[in-house]
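*Asks:* sequence first, then the predicted structure, then my questions.
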Amino acid sequence: MKIIKTKISEVLLIETEVYKDSRGSFMETYNHEKYLSQNFSNKFIQDNLVYSKKNVLRGLHYQINKPQGKLVQCYEGAIFDVAVDIRNNSVNYLKWVGFELNSKNNRQLYIPEGFAHGYCVLSNSALVSYKCTNIYNPKFERGIKWNDKNINIKWPIENPILSEKDEKLKYI
């Protein structure tokens, strides 16, 4: 496992190892002891698995009161995954980083608490897993419009498909 700091140092890109042989392949997606040895102290308490079609854009989501850190990985297909710093006192406030996660590069993106998260599907479909540091609670759920000009994310798709809920999100 290789951990790469991004231009927002708290957001981490993680390259996992895949072992292949004539039978197929094996990948350890999470090992708490290995992550601890890399000074990665978060404990994940909820796992989610999401299937989406091409051009679906999910986000930008975050939680207040019980914020969620996330460890995101794409098992099938490809996504462009984004983290936006929404910590008011941060030097990186409203700055974002984005990376392609796909079933071939076996990367994970760690998004800490205090960040909004979103992604769009680049392939015909995608199967995305993410671990969370807090349980999802709809009372605390908040979001930011995907195309907020104050953030200016360079999404690699046009005409995204949004949920009704994401369509109604406000600008910051």
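*Replies:* Looks like it came in fine. The model shown is predicted, which means the values in this text are computed figures rather than measured ones.
*Asks:* quick one: mean pLDDT over stretch 39-59.
*Replies:* Averaged across stretch 39-59, the pLDDT comes to 91.
*Asks:* residue contacts, the most far-flung residue of the chain relative to its centre?
*Replies:* Distance to the chain centre peaks in the chain at S22, reaching 31.9 Å (criterion: Cα atoms, centre = their mean). Taking Cβ atoms under 8 Å, 6 or more residues apart in numbering, we find S22 in contact with no residue. Yep, even glycine has a C-beta here, placed from its N, CA and C like the rest.
*Asks:* C-terminal to the lowest-mean-pLDDT helix or strand in the chain, what's the next element?
*Replies:* Within the chain, no helix or strand scores below helix 32-37, which has a mean of 82 by mean pLDDT, DSSP states H and E. Once the chain leaves helix 32-37, the next helix or strand it forms, by DSSP states H and E, is strand 46-53.
*Asks:* buried sites along that next one?
*Replies:* For strand 46-53, the neighbour count (16 or more other Cβ atoms under 10 Å) marks 50, 52 as buried.
*Asks:* just give the nearest non-adjacent residue to V18, would you?
*Replies:* Nearest residue to V18 in three dimensions, chain neighbours excluded: M27, at 4.7 Å (Cβ to Cβ, 6 or more residues apart in numbering).
*Asks:* got phi/psi on the residue nearest to the spatial centre of the chain?
*Replies:* Nearest residue to the geometric centre of the chain (Cα atoms, centre = their mean): V72, 4.6 Å. The phi and psi values for V72, taken as degrees, to the nearest 10, are phi -110, psi 140.
*Asks:* check D166 too.
*Replies:* Dihedral pair for D166: phi -70, psi -30, per degrees, to the nearest 10.
*Asks:* is it correct that it is in contact with S52?
*Replies:* No: D166 is beyond contact range of S52, at 12.0 Å (criterion: Cβ atoms under 8 Å).
*Asks:* joint contacts of the two?
*Replies:* What both D166 and S52 touch, as defined by Cβ under 8 Å, 6+ apart, is the set R58.
*Asks:* can you give me the strands for this structure?
*Replies:* For the chain, the strands defined by DSSP state E occupy 2-5, 12-15, 18-21, 24-27, 46-53, 57-63, 70-76, 78-85, 96-102, 107-111, 115-121, 125-132, 141-143.
*Asks:* the second one pairs with which strands, parallel or anti?
*Replies:* Think strand 12-15. Neighbouring strands of strand 12-15 in its sheet, by DSSP bridges, are strand 2-5 (antiparallel), strand 107-111 (antiparallel).
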